[in-house]
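> Need coordinates for the below:
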Amino acid sequence: MSDDSSSDGDSILVITRGPSNDDDSSDEYSSQEEFVPKRKKTARQLDTPPEVNTNSDEGDNNCSICLDDFVNYGKHRPASLLCGHIFGHCCIERWLTHNKRKVCPTCNKKAKLRDIRIIYTRNLKVLDTAERDRALEELETVRKENQALENAQKQLRLSHSMALEEIKRLREELDRVSNLKHQVETELPSTSSKHTRFILEKSLPLSKKSGSRVLVFDNHFQCLIASTPCDYLNIGGFGVKKYTASSNFSSSETVKIHDAMIRCMKMASNNVLISGGMDRKLCMTSTNSNTIVQKWECPAAIWACDVSLDDSTKIFTGLSNGTVLVYDIRSTKEAVETLERPESLCPIISLTYLSAKPSSSFYPAGLLVGSLDGAFFFENSQGSWKHHSLLSGSCTNVSVDSTTRLMLSSFRPSRSVTAARHIVTELSASSCSENLSIQSNALHTFYGGSVMRIMSRNTFITSSNSVKAAIFDEASESIGIWDCTTGNRTQQIRTGECLYEICPFTTTSGTHYLAGLGDSSVKLLKSV
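Numbers count the residues shown, from 1 in each chain. Okay, here's the model as predicted:
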């Protein structure tokens, strides 16, 4: 060939093999050589990328198994099999692991786990989920930590509850052992011991709900009567529960009397229970038949009540607005009389009727009234009532011993006196012309703790040779027995809960008891 034919560019030698000749035994073949010139690539052809089939599976931006977008970090990165189809890495791993047929989900060609290859590409559009995945991992870690903390908190609460139960049990055991120790140290009751002591015999259960406030003893039927919420059959309201002494203080069903909390109860003649409550009802209930025999509507809530010892038809009520009303059981509509006193709106917290006692230093008959602002006496002078002031101050309890005419008044802690005070006062009266002069002489002051949130009804314990005061101390949750002659405390009995009323009583067998009413139980203390 001439040089001119290849001068324009590079040449390629092409060898063309012709057809074989079967008849030719020489098996020769002819060949023809020719040069085909190469075409030069233009600049446009070099810069243009190859065309991509956008309809193929490889061009999709999401996984054909879960249809979620690919990510550039984490378990759902793009990965391919030997056949070239692209899936999410975690999806194709799960596919080949759990399916019996180890094939490609798209083309059904055989595939294995080792055929999986992670693809690193710039052209494939993927979601940048690195921050999200890290946040999810941190969230899962925090959730696990929170779950562990919640489990630990539940365990601690359970341990705390068990510890409280154990502490309560140990306290009761300690009180029992301490009382038994004192019992052993003291002389037998048959000998003339100087002090009567009490030990905690048992706790009588009450309602699970809060609202028990009053406790009295029925001498005729020999049973304790406690006010309590009615927690059976969801009927609501408040009633009374009886504990019979002759049957080891077994309890009866609750008898509903009031619609709201009962604040006062007193036993009257003919086995009748007088009760007043926050529902402004004054009720007479037969303890024999457990039925309400009479009821009055009062103008305000009733906080105190008592019956006249000189006239069995008269009932006295002290209201929350400071009014003292007199009801007659023969009049079923309204009060027959109102006892006037200097204007005061402080609630009446106690009422005690005293019969005339000429042999006593305090001899007149009348009604001793305790209110939150002090104590006063209504003298019953031939059917008319005369008011006499006894003391003033922020009282929480006023009780009187009808035998000795001693008065016990309780006062809350104040800025000047930081402890609770319980003052025993001796009342005396003298006549001056037609007027009666009443004096009060403080004999002893008993101090308690620095806490007095509730109004406990303290009382006197009277025996043939001594008078003692049973006073509940809220700070130490204990009953203190104080000798009103010497002013000394002779015993302190832990109760384990706050008591709203203390009730002394004696059974027909001659056993002396002291009952304390709490929210959930009645603490029964027996003398030894």
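> pretty sure H89 is touching I119, no?
No - the criterion here is CB atoms under 8 Å, and H89 misses it with I119 at 9.1 Å. For every residue, glycine as well, the C-beta is placed using N, CA and C.
> what sits in contact with each of those two?
Contact criterion CB atoms under 8 Å, 6 or more residues apart in numbering; residues shared by H89 and I119: R77, P78, A79.
> Quick check: of those, which has the highest neighbour count?
Of all the shared contacts of H89 and I119, P78 has the most neighbours under the rule other CB atoms under 10 Å, reaching 24 neighbours.
> That residue reaches C90, doesn't it?
No - under the contact definition of CB under 8 Å, P78 does not touch C90, with a separation of 11.2 Å.
> H89 and I119: which is more packed in?
Taking neighbours as other CB under 10 Å, H89 and I119 compare with H89 leading, 21 against 14.
> how about the more buried one, what does it touch?
With contacts defined as CB under 8 Å, 6+ apart, H89 is in contact with K75, H76, R77, P78, A79, I116, I118.
> if we go to 10 Å?
When the contact criterion is CB atoms under 10 Å, 6 or more residues apart in numbering, the partners of H89 are 63, 70-71, 74-80, 116-119.
> And it, how close does it get to S359?
108 Å (CB to CB, to the nearest Å).
> now swap in T313 and tell me
As defined by CB to CB, T313 lies at a distance of 27 Å from S359.
> Sketch out the low-pLDDT regions of the protein for me.
Counting by pLDDT under 70, the low-confidence segments of the chain come to 1-60, 121-128, 182-195, 233, 433.
> Which helix runs longest in it?
Of all the elements of type helix in the chain, the one with the most residues (DSSP state H) is helix 130-185.
> Check which element follows that one along the chain.
The C-terminal neighbour of helix 130-185 among helices and strands, as given by DSSP states H and E, is strand 198-205.
> I'd guessed G318 sits against V326; true?
No - with contacts defined as CB atoms under 10 Å, G318 does not count as touching V326, sitting 11.0 Å away.
> Can you tell me the closest non-neighbouring residue to T506?
Closest residue to T506 apart from its sequence neighbours, by CB to CB, 6 or more residues apart in numbering: H512 at 5.3 Å.
> Which residues are in contact with the one you found?
P189, T196, F198, I461, S463, P504, F505, T506, L525, K526, S527, V528.
> Got the phi and psi for it?
Phi and psi for H512, reported as degrees, to the nearest 10, are phi -90, psi 140.
> List the buried residues for stretch 414-428?
Residues A419, A420, R421, H422, I423, V424, T425, E426, L427 are the ones in stretch 414-428 that count as buried (16 or more other CB atoms under 10 Å).
> Can I get these in a markdown table including distance to S389 and secondary structure?
Written out in a markdown table, the entries for these read as follows (distance: CB to CB, whole Å; DSSP: H, G, I helix; E, B strand; the rest coil):
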| residue | distance to S389 | secondary structure |
| --- | --- | --- |
| A419 | 26 | coil |
| A420 | 23 | coil |
| R421 | 19 | strand |
| H422 | 20 | strand |
| I423 | 16 | strand |
| V424 | 19 | strand |
| T425 | 13 | strand |
| E426 | 17 | strand |
| L427 | 12 | strand |
